[in-house]
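Peer 1: sharing a model prediction with you, sequence too.
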Amino acid sequence: MRTVNAAGLAIGDDAPPRIMGVLNVSKESPYKPSVFNDSAEAAEYVDTELIDQGADIVDIGLESANKKFEVLSAEDELDRLETALAVVESVSGDAVFSIETRYHEVAEAAIEGGFDMVNDICGFADPEMPRVCEEYDVAVAKMASPPDLERPGAVERVDDIYDALELNGFTDKTIVDPAFGGWSEEKTLEDDRETFHRLREFRGYGRPILVSINRKNFLRDVAGRSTEEALSVSLAATAMAVERGAHVVRTHDVAETRDAALIGREFTRERVRETGDIAIEELDVTTAGDAARHLDRLGADTEPAAESVVRTVELTGVSDEERATLDTVAREAGVTFVVGSDRDRLLLLGTPGGFARLRAAVDDPDGTLDAALERLPTA
C-alpha cells in the first residue's frame, strides 16, 4: 500500500486516518450548515468548525453534484472559484485544501490560486485531469464515475466501480473513492451496502481509500433515521470503514468523525512486518474477490484467488454415515476435516475452491447433507 503525500500530509496505512471536512459555496448543496457565499463567514466556519475540530483536509465544493440539479459548466465553476480562493486566503488554521471539481481548467486555476489537492467527482472523465494533477504534483481523490462529465458517480452496479476507477489510469498520488451515495436513479441502497461490505477489495489497488459516508441514505435506512438524526449511524460506519482499510473520511461532523475513525484505527490489525530490506505485508483478504483484486493488481492470473482464503466452519447434527462421507470426500477436495471428542461437532477448514470441490463431490441421495453444504462459503 503506497503512502500519498498531499502537501506534506501523509495518507496511507502508516498514517492516522485523515478527516476531510466539507465547505460548500454552492447554494444548491443540501447540507445548509456547510453552505456559504460570504468568504469571511466561510473562513470563520473553516477555522472553528473544521480545522479546530480536527479536519486534516478541507474540501471546498463549487456546486452540488445532486442528480436533481443541472450540471454547471467549467465557466460557471470558475466564477464560483473566486469565493473559494478568498476563503483559502482568509483561513488562519493549517490544513490541506482540496477543490471538488470535474474539470481540469478549474483544478488548474484552483491549484495556482493556493489549493493543495483535487477531489475529482467524475473520476478522470476529463482526460486532462490526471495530466494537470501530475504536472502540479498534487494528490487527487478519484471517485468512481462513468466516462461522462455530466454523470458524476452514476455507477449503476457495484462491479462497474472497478472499471470506473481505472478510467484514464492513475497518477502517483491518486486516492480512490468507490462513490457512496444516490448518484443515479438506478443505484440502490443495497448497491451502497454491497460496496461497503466489499470495501476491503479496493485495497487491491494498492492506493489509499477515501469514503464519503456521512449521513448517507444507505446507513440511515438501516436504523430508520432522518438526516438530522443520522450522526450515530455515520459514526458506527466510520469506525468500520477505517478498520476495513479506509484512509480518508469525508464528513460534515468533524470532531465526532475523528473520534470514530481513531477507534477504527486502534482496533485494526497490524499487517506489515519488516526485517532488513524485506517487508512482509499480510494482505487484507477475507474473500476470493479480495484475493482476485490483489492478483489483478500484480498483473497475475486470478485463478488462484479461490485457493487464497481459508475459511473454517463448524457443523453439528451430522449422522455417522454423513460424517464418513465427509471424511472421505474432504481429503480429495483438499479440505481439512476435524471431529470433536464428543463426535457431535466437526470442523471443516478449507479454501473457497476446496469447499466448491467438496460440494460437487458429495453424493447424498436424501439431500440433507447436500442442502447443508450449499451454505459453505465458496466465494
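Peer 2: Great, that's in hand.
Peer 1: tell me where the protein has helices.
Peer 2: 39-45, 74-90, 104-112, 129-135, 160-166, 189-197, 217-223, 231-243, 254-266, 288-297, 320-333, 352-361, 368-373 (DSSP state H).
Peer 1: chain center to the helix or strand of the chain with the lowest mean pLDDT: distance?
Peer 2: Across the helices and strands of the chain, mean pLDDT, DSSP states H and E gives its lowest value to strand 272-275, namely a mean of 72. Put simply, strand 272-275 sits 25 Å off its chain's centre (CA atoms, centre = their mean, to the nearest Å).
Peer 1: name every strand pairing with that strand and say which way it goes.
Peer 2: strand 278-281 (antiparallel) (DSSP bridges).
Peer 1: counting neighbours, what do you get for L298?
Peer 2: Residues lying near L298 (other CB atoms under 10 Å) number 10. Every C-beta, even on glycine, is put in place using the N, C-alpha and C of the backbone.
Peer 1: how about V313?
Peer 2: 16.
Peer 1: chain neighbours aside, what residue packs nearest to it?
Peer 2: L348 (5.1 Å; CB to CB, 6 or more residues apart in numbering).
Peer 1: list the contacts of the one you found.
Peer 2: Neighbouring residues of L348 by CB atoms under 8 Å, 6 or more residues apart in numbering: T312, V313, L315, L326, A330, V335, T336, F337, V338, F355, L358, L376.
Peer 1: ok, of these, which one's closest to P304?
Peer 2: F355 (15.4 Å; CB to CB).
Peer 1: would you confirm that the closest one contacts T336?
Peer 2: No. With contacts counted by CB atoms under 8 Å, F355 stays clear of T336, the gap being 11.3 Å.
Peer 1: related to what we said a few turns ago, G21 is nearest to which of the helices of the chain?
Peer 2: helix 254-266 (4.7 Å).
Peer 1: what is the orientation angle of the closest one with helix 231-243?
Peer 2: Interaxial angle, helix 254-266 versus helix 231-243 (axes from the mean of the first three to the mean of the last three CA atoms, to 10 degrees): 40 degrees.
Peer 1: mind listing what's buried in helix 254-266?
Peer 2: V254, E256, T257, R258, A260, A261, L262, I263, G264, R265 (16 or more other CB atoms under 10 Å).
Peer 1: now swap in stretch 76-86 and tell me
Peer 2: Buried positions in stretch 76-86, judged by neighbour count with 16+ other CB under 10 Å: E77, L78, R80, L81, T83, A84, L85, A86.
Peer 1: need the nearest residue in space to P146, chain neighbours excluded.
Peer 2: A154 (5.7 Å).
Peer 1: how close does that neighbour sit to I111?
Peer 2: A154 sits 26 Å away from I111, going by CB to CB, to the nearest Å.
Peer 1: ok, back up a step: the contacts of L348, buried ones only, as a ChimeraX selection?
Peer 2: Selection of buried members from the contacts of L348 for ChimeraX, criterion 16+ other CB under 10 Å:
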select :313,315,326,330,335,337,355,358,376
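Peer 1: distance to A141 for the contacts of L348 - can I get that in JSON lines?
Peer 2: Output for the contacts of L348, formatted as JSON lines (distance: CB to CB, whole Å):
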{"residue": "T312", "distance to A141": "37"}
{"residue": "V313", "distance to A141": "39"}
{"residue": "L315", "distance to A141": "45"}
{"residue": "L326", "distance to A141": "49"}
{"residue": "A330", "distance to A141": "46"}
{"residue": "V335", "distance to A141": "42"}
{"residue": "T336", "distance to A141": "43"}
{"residue": "F337", "distance to A141": "47"}
{"residue": "V338", "distance to A141": "47"}
{"residue": "F355", "distance to A141": "38"}
{"residue": "L358", "distance to A141": "43"}
{"residue": "L376", "distance to A141": "38"}
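Peer 1: and which of the contacts of L348 is nearest to F97?
Peer 2: Nearest member of the contacts of L348 to F97, counting by CB to CB, is T312, at 47.7 Å.
Peer 1: now tell me what touches the least confident helix or strand of the chain from outside.
Peer 2: D13, D14, A279, I280, E281, E282.
Peer 1: least confident pick among those residues?
Peer 2: pLDDT across those is lowest for A279, at 75.
Peer 1: state the distance from it to R271.
Peer 2: 11 Å.
Peer 1: can you pick out the residue with more neighbours from the two?
Peer 2: Applying other CB under 10 Å to A279 and R271 shows that R271 carries more neighbours, namely 13 against 9.
Peer 1: and the gap between the more buried one and V138?
Peer 2: Distance, R271 to V138, using CB to CB: 28 Å.
Peer 1: just I175 next, same as before
Peer 2: 11 Å.
Peer 1: next one: A372
Peer 2: A372 is 55 Å from V138, by CB to CB.
Peer 1: quick one, domains of the chain?
Peer 2: 4-266, 310-373 (automatic domain parsing).
Peer 1: from the ones you listed, which stretch is densest packed?
Peer 2: Of all these, domain 4-266 has the most neighbours on average by mean count of other CB atoms under 10 Å, namely a mean of 20.
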